[in-house]
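*Asks:* fold the following and give me the result.
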Amino acid sequence: MKILTGSRGDEVHEHLYENGQRRVGHRILKKNTVTNNGEFHPVPGNIVLIPLKGTVKLTTPDQECTIKNGQLAILGPTDSFYLTAIDDVEFVGVVDIK
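*Replies:* Just a heads-up that it's a prediction; the model follows:
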């Protein structure tokens, strides 16, 4: 068993765990932050985004949705996206790298 603890701060983007094709990322974004300057970022594989705190807007070329604590979003390896922090947000992304 491993217990992983993410960094604290206003803006965090880190990989907590990488092993073969599995990656666990951790992000903290301040309210109104837009990732990748609003440009679509390709998904490196199947990804599950899990908000721990706050609400984040997920934008793909085809749709827009908001997710918050208690929800999750699943993106496939052909998707691309960017995120907008509706309020201060913290989330984990679990990626199966293609």
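*Asks:* host element of the spatially closest residue to Thr60 that is not a sequence neighbour?
*Replies:* In this structure, Thr60 finds its nearest non-sequential neighbour in Phe81, 5.0 Å apart by C-beta to C-beta, 6 or more residues apart in numbering. The way it works is simple: take the backbone N, C-alpha and C, and place the C-beta from them, glycine included. Taking DSSP states H and E as the criterion, Phe81 maps to strand 80-85.
*Asks:* that strand - contacts with which helices or strands?
*Replies:* strand 41-42, strand 55-59 (3 or more C-beta pairs under 8 Å, 6 or more residues apart in numbering; DSSP states H and E).
*Asks:* give me the sheet partners of the first one and which way each runs.
*Replies:* For strand 41-42, the paired strands and their directions (DSSP bridges) read strand 80-85 (antiparallel).
*Asks:* tell me which residues in the strand it pairs with are buried?
*Replies:* Within strand 80-85, the residues scored as buried using 16 or more other C-beta atoms under 10 Å are Phe81, Tyr82, Leu83, Thr84, Ala85.
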